[in-house]
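Novice: This is a predicted model, with the sequence first.
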Amino acid sequence: MADGFAQGAGLEGPLDAVWQKLSRQVTPLEWRAHAPLIEAINRLKAEKNAVILAHNYMTPEIFHGVGDFVGDSLGLAREAARTDARIIVQAGVHFMAETSKVLCPDKTVLIPDLRAGCSLAASITGADVRLIRERHPGLPVVTYVNTSAEVKAESDVCCTSANAVQVVEWAAKTWGVDRVIMLPDEFLARNVARQTAVKILTWKGRCEVHERFDAADIAEIRASWPDAEVLAHPECPPEVLEAADFAGSTAAMTNYVMSRKPKRVVLITECSMADNVAADAPETEFVRPCNLCPHMKRISLQNIHDALLNEQFEVTVPEAIAERARLSVQRMIDLPPPAKPARYDLVKARHHVDVELL
């Protein structure tokens, strides 16, 4: 059916290749609406020397149709730092666009919808970090990239879920301490603490998508699909990771599926992640427990097109903040990549769970 539709719709060439990849996730009716926008966006990118950074939580037509660089926050930060494009369009949320601007101050960074925020980033401010530093002098502050530029500017080094253990241990060694402040995701901090001897002080910030999963969800999935392999993101509560077969960043989950090729799998994370991995793993059946991120879903092909066409919704960061935030992000980027993406499946053999809430 897919081949016949592609030929009948005149989609030979680059769009035909996109349709072949998306035909299991997108209906022909949807594709007829998507295809002209994908074609127009890709034409605008060439005309304006622009690239689109598409996070793993973007919908498939964005991720596979117009994304020049796709992946998790760490991967996109690295690509932003080295791209030669004049314009960067961030198909993600606002803190990601700020990070791109911090790393590329001479480039125009656009976000298709300025309202695309993040519950985790909104949970903490720069003033909060300054107060924490006053109360805990001498301790390094490791900040998750899911934070504003203002918070990054008050921090020592950033991390992502893919390299959090590596960064925490690097900070403890570099500062010569046995305790590290890790902000703002409480659950990520608790899950990192299970893999390191470093004591972690953290903040009660949470991702509104991942905090909704619980151990009962995993039990229900296993009852209905006993042969499914369950993969969970480390922003989920620790009891979810305990019940999962594997836990790791979005990059680690993708690598797991592509290398192991499980017959059936469940990704305990944002909905679109499964759709995007499924397009590259046709031999695997994906069970989809669906928690949507309302902020990610503000980004669409239409507003990506409009942002590029009109060069609108530019994201800027005051240089006084950007200069300090750049140091914390660059320290993360300059660390050697982990030998492999962080695997939180070590939780069952944890060192300790000694986490102190600030």
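Specialist: Right, received. Where do you want to start? Remember, predicted model here, so these are calculated numbers, not experimental data. Residues are numbered from 1 along each chain as shown.
Novice: dump the residue contacts of the closest residue to residue 156 other than its chain neighbours.
Specialist: The shortest distance from residue 156 to any non-neighbouring residue, by CB to CB, 6 or more residues apart in numbering, is to residue 140 (4.6 Å). (C-beta placed from N, C-alpha, C; glycine too.) Residue 140 makes contacts with 156-157, 171-172, 174-175, 177, 180-181, as judged by CB atoms under 8 Å, 6 or more residues apart in numbering.
Novice: What subset of the residues you listed is buried?
Specialist: 156-157, 171-172, 180-181 (16 or more other CB atoms under 10 Å).
Novice: would residue 231 count as being in a strand?
Specialist: Yes - counting by DSSP: H, G, I helix; E, B strand; the rest coil, residue 231 is part of a strand.
Novice: Contact partners for it?
Specialist: Applying CB under 8 Å, 6+ apart, the residues near residue 231 are 244-248, 253, 256-257, 265-268.
Novice: partners of it in the sheet?
Specialist: residue 246, residue 267 (DSSP bridges).
Novice: can you pull the pLDDT of it?
Specialist: We have a pLDDT of 95 for residue 231.
Novice: likewise residue 81?
Specialist: 85.
Novice: What of residue 350?
Specialist: On the pLDDT scale, residue 350 gets 49.
Novice: With residue 339 instead?
Specialist: 64.
Novice: Which of the buried ones among the contacts of residue 140 fall within strands?
Specialist: Counting by DSSP state E, the buried ones among the contacts of residue 140 place 157, 180-181 in strands.
Novice: Format those residues as TSV; extra columns: pLDDT and distance to residue 304.
Specialist: TSV is the format used below for those (pLDDT from 0 to 100; distance: CB to CB, whole Å):
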residue	pLDDT	distance to residue 304
157	98	32
180	98	38
181	98	37
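Novice: now the strands for the stretch 1-150 of the chain?
Specialist: Per DSSP state E, counting those that start in this stretch, the stretch 1-150 of the chain carries strands over the ranges 50-55, 69-71, 87-91, 108-110, 141-144.
Novice: Check the offset of the last one from the chain's centre.
Specialist: The chain centroid and the centroid of strand 141-144 are separated by 16 Å under CA atoms, centre = their mean, to the nearest Å.
Novice: change the start of the numbering to 336 and stick with it
Specialist: In the new count, where the first residue is 336, that last one comes out as strand 476-479.
Novice: now for it, which elements pack on it?
Specialist: The contact analysis (3 or more CB pairs under 8 Å, 6 or more residues apart in numbering; DSSP states H and E) places strand 476-479 against helix 461-470, strand 492-494, helix 499-510, strand 514-518.
Novice: Which stretch among the ones you listed approaches residue 546 most closely?
Specialist: strand 514-518 (16.2 Å; CB to CB).
Novice: looking at the chain, which helix or strand does the model trust least?
Specialist: Of all helical and strand segments in the chain, the minimum by mean pLDDT, DSSP states H and E falls on helix 337-343, at a mean of 44.
Novice: re earlier: now, among the buried ones among the contacts of residue 475, which is nearest to residue 349?
Specialist: residue 492 (40.1 Å).
Novice: wait, doesn't that closest one sit right on residue 480?
Specialist: No - taking contacts as CB atoms under 8 Å, residue 492 lies outside contact range of residue 480: 10.7 Å.
Novice: Can you work out which residues contact both of those two?
Specialist: Common neighbours of residue 492 and residue 480 (CB under 8 Å, 6+ apart) are residue 667.
Novice: Can you tell me the element the nearest residue to residue 492 once chain neighbours are set aside falls in?
Specialist: With CB to CB, 6+ apart as the criterion, residue 492 has its nearest non-adjacent residue at 4.3 Å, and that residue is residue 666. Using DSSP states H and E, residue 666 sits within helix 654-669.
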